[in-house]
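Chemist: only geometry, no sequence info:
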């Protein structure tokens, strides 16, 4: 499931977020990696390269295939 309660979100360490300093785009598991990929378009343009790289890193960690051209392009792939 890709929905977190407020309490669950508070328990996630900063490094599990796509944008840790903002605590946005949590990716504690594969379902959330897919959710981050789906919501990637809402990320501010100047932060997209960093978020794209984080999504790809977490996708490798959890064995998730990233198919979004915009994520791959922003990551420089």
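Modeler: Noted; the coordinates are in hand. What you see is a predicted model, and the numbers here were worked out from it, not measured in a lab.

Chemist: quick one: secondary structure of residue 25?
Modeler: strand (DSSP: H, G, I helix; E, B strand; the rest coil).

Chemist: these two touch, right, residue 56 and residue 67?
Modeler: No - using CB atoms under 8 Å, residue 56 is not in contact with residue 67; the gap is 11.7 Å. To be clear about C-beta, it is placed using only N, CA and C from the backbone, and glycine gets the same treatment.

Chemist: In terms of neighbours, single out the busier of those two.
Modeler: Shown here are residue 56 and residue 67; by other CB atoms under 10 Å, residue 56 has more neighbours (20 against 9).

Chemist: OK, contacts around that one?
Modeler: 66, 71-72, 75, 77 (CB atoms under 8 Å, 6 or more residues apart in numbering).

Chemist: which stretches of this protein form strands?
Modeler: Assigned by DSSP state E, the chain shows strands spanning 17-19, 24-26.

Chemist: okay if I get the ones you listed as CSV plus mean pLDDT?
Modeler: As requested, those are arranged in CSV below (pLDDT from 0 to 100):
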stretch, mean pLDDT
strand 17-19, 97
strand 24-26, 96
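
Chemist: Can you tell me which of the contacts of residue 56 are buried?
Modeler: 66, 71, 75 (16 or more other CB atoms under 10 Å).

Chemist: what would those residues look like in a markdown table with distance to residue 48?
Modeler: Listed next are the buried ones among the contacts of residue 56 as a markdown table, based on distance: CB to CB, whole Å:
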| residue | distance to residue 48 |
| --- | --- |
| 66 | 14 |
| 71 | 8 |
| 75 | 9 |
